[in-house]
Each structure stands twice: as structure tokens, then as C-alpha cells.
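K.L.:
Sequence unavailable; structure follows:
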């Protein structure tokens, strides 16, 4: 499978193979994403888009439940 670097847009929603995430804000090295269903928010680093249009990331930091 091929992957290409991807910069999401704040306010938009993106899907992985298992969940949907809203982009809260874009950063220099990724984006802050929030899981639509659970509210788990984190900083995703190294975001990519796969051939089928799903997003994925290399790693995440600063995870917490959004209030």
C-alpha cells in the first residue's frame, strides 16, 4: 500500500479504518485530532493518507479526554 504525506484542515472530519476524527488545529508537525465517538484528543505526528483515502499517523502525544 502507498501512503502520501497529508495535512488535514481544521474543522474537517477524517476517517481511519476504525474511527472518525475531527481536526481541531494543524501544527508544524501534524495536527490535534479528536475521536468523534469517545472524545479522546491527541497530537498526531506525521500524518499520511493511504490509497483508499484513510488517514494514519506515525505516533501521537498528549492524549486526553476533551472536556
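P.N.:
Great, that's in hand. What you are looking at is a predicted structure, and each value in this text was computed from that prediction instead of being measured.
K.L.:
For burial, what's the neighbour tally of residue 12?
P.N.:
The number of residues packed near residue 12 is 9, by other Cβ atoms under 10 Å. Where C-beta positions appear, they are placed from N, C-alpha and C, glycine not excepted.
K.L.:
Also residue 48?
P.N.:
Other residues within reach of residue 48, judged by other Cβ under 10 Å, total 14.
K.L.:
Go ahead and confirm it touches residue 7.
P.N.:
No. The criterion here is Cβ atoms under 8 Å, and residue 48 misses it with residue 7 at 10.5 Å.
K.L.:
do you know how far the nearest residue to residue 20 once chain neighbours are set aside is from residue 19?
P.N.:
Distances taken as Cβ to Cβ, 6 or more residues apart in numbering place residue 36 nearest to residue 20, at 4.4 Å, with adjacent residues excluded. Separation of residue 36 from residue 19 (Cβ to Cβ, to the nearest Å) stands at 7 Å.
K.L.:
Run through the residues that contact residue 6.
P.N.:
47, 48, 49, 55 (Cβ atoms under 8 Å, 6 or more residues apart in numbering).
K.L.:
Got phi/psi on the first one?
P.N.:
Think residue 47. For residue 47, the backbone dihedrals (degrees, to the nearest 10) come out as phi -90, psi 140.
K.L.:
check which helix or strand covers residue 44.
P.N.:
Assigned by DSSP states H and E, residue 44 belongs to strand 40-50.
K.L.:
Excluding its own residues, what touches the host helix or strand of residue 60? List them.
P.N.:
Residue 60 is part of strand 55-65, with elements assigned from DSSP H and E. Residues outside strand 55-65 that contact it (Cβ under 8 Å, 6+ apart): 3, 6, 8, 14-16, 21, 30, 38-50.
K.L.:
Cool, thanks, signing off.
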